[in-house]
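Asks: What would the 3D arrangement of this be:
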Amino acid sequence: MEEKKHPVFVKDPNKTYGLMEMVDGTSPMTEKRVEDTVETFPHYIILLTICTLAVTFILMIISLLFDAPLEELANPLVTPNPGKAPWYFTGIQELIHYTDKPVIPGIIIPICIVLWLFLIPYIDKKPGTKIGSFLNRIFIGGENRKVLLILFTAFIIGALIFTVIGALFRGENWNFVLPWK
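Replies: Here you go, the predicted model:
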């Protein structure tokens, strides 16, 4: 007994098909013709390549014109005072300065920060009403997410404050100094 085969895609010159047609529901792509669409991926790759080459060229010109601000050769017998971490760790180094137990700011607080950043999307699940502000539409997709914005802004401001204090306002023996003196 031979079964009658039904074609999955009916031949219709007015319709285009994609993988999205395999699921239930409607798609706005079925109403578009091939001549109404634009291939964006190759254009994006070309734009990305041009921007990458431009930034590389600019960095090469800057590196040829200006010398890097290097210090003298490292001497293992002389330790610099203060021994500062790279700028991205000076915030943690600043936190360690305020306590007698370096385990808390050196290990526990960074672990809590990473966990907190992972949990932020789960804290503010229900966005509020739409806002017409241009910046809100660009940065947070047009939704008023007060809790998310407050938590992330507090994290960024705290990290910036500790990093700036640790990088610019700490002098010999990790004492507080003003950078312009």
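Asks: and this structure, what are its domains?
Replies: Domain segmentation of the chain under automatic domain parsing yields 9-70, 87-174.
Asks: Look at the residue nearest to Phe169 when sequence neighbours are not counted and report its pLDDT.
Replies: By the measure of CB to CB, 6 or more residues apart in numbering, the closest residue to Phe169 outside its immediate chain neighbours is Phe176, 5.8 Å from it. In short, each C-beta sits where N, CA and C put it, glycine included. In this prediction, Phe176 carries a pLDDT score of 86.
Asks: Could you give the number of residues near Phe176?
Replies: 9 (other CB atoms under 10 Å).
Asks: do the same with the one 5 residues further on
Replies: Burial of Lys181 is recorded as 5 neighbouring residues (other CB under 10 Å).
Asks: Let me know the distance separating the nearest residue to Glu172 once chain neighbours are set aside from Arg170.
Replies: Leaving out its chain neighbours, the residue that sits closest to Glu172 by CB to CB, 6+ apart is Asn81, at 5.2 Å. Going from Asn81 to Arg170 by CB to CB, to the nearest Å gives 11 Å.
Asks: if you count what's nearby, which of those two comes out ahead?
Replies: Per other CB under 10 Å, whichever of Asn81 and Arg170 has more neighbours is Arg170, with 19 against 10.
Asks: Distance of that one relative to Leu149?
Replies: Remark: distance between Arg170 and Leu149 (CB to CB) = 31 Å.
Asks: about what we covered before: my impression was that the residue nearest to Glu172 belongs to a helix - is that right?
Replies: No - counting by DSSP: H, G, I helix; E, B strand; the rest coil, Asn81 is not part of a helix but coil.
Asks: Could you report the separation of it from Val147?
Replies: In terms of CB to CB, Asn81 sits 43 Å off from Val147.
Asks: now the strands for the chain?
Replies: Ranges of strands in the chain, per DSSP state E: none exist.
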